[in-house]
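A.B. asks: need coordinates for the below:
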Amino acid sequence: MIIRAEWPGYVVDVLVSVGQEVDEDENLILMEGTDSAHTPFYIAAPDAGKIRKIYLEEGDFVDEDDEVLEMGDVE
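C.D. replies: Residues are numbered from 1 along each chain as shown. The predicted model follows:
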């Protein structure tokens, strides 16, 4: 399952690593919005699973609908 950004922003912190198991609604990435207040927001896991691949790193700009990471089932 590919997780995509819902809004544009800058990556402040990647809170997970490849191979990590996460719960549904667990925060995965902390972002900073492009609005004038630079509002922080999180990208959260839609389901429980295991992190397979991370497509970004701290400081990257992410546009709406960009791929941010890939999750799979827990083995």
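
A.B. asks: give me the nearest residue to residue 40, chain neighbours excluded.
C.D. replies: residue 32 (5.7 Å; C-beta to C-beta, 6 or more residues apart in numbering). (C-beta placed from N, C-alpha, C; glycine too.)

A.B. asks: ok, now which ones touch the one you found?
C.D. replies: Residue 32 sits next to 9-10, 12, 38-40 when contact means C-beta atoms under 8 Å, 6 or more residues apart in numbering.

A.B. asks: go with 7 Å
C.D. replies: Contact analysis of residue 32 by C-beta atoms under 7 Å, 6 or more residues apart in numbering lists 9-10, 12, 38, 40.

A.B. asks: so what's residue 43 bridging to?
C.D. replies: Beta bridges link residue 43 to residue 29, judged by DSSP bridges.

A.B. asks: quick check, it in contact with residue 5.
C.D. replies: Yes: applying C-beta atoms under 7 Å, one finds residue 43 in contact with residue 5, separated by 6.5 Å.

A.B. asks: what about the helix or strand containing the residue nearest to residue 40, average pLDDT?
C.D. replies: Using DSSP states H and E, residue 32 maps to strand 27-33. Average pLDDT, strand 27-33: 97.

A.B. asks: may I see the buried residues of it?
C.D. replies: 28-31 (16 or more other C-beta atoms under 10 Å).

A.B. asks: now stretch 58-70
C.D. replies: Residues 62, 68-70 are the ones in stretch 58-70 that count as buried (16+ other C-beta under 10 Å).
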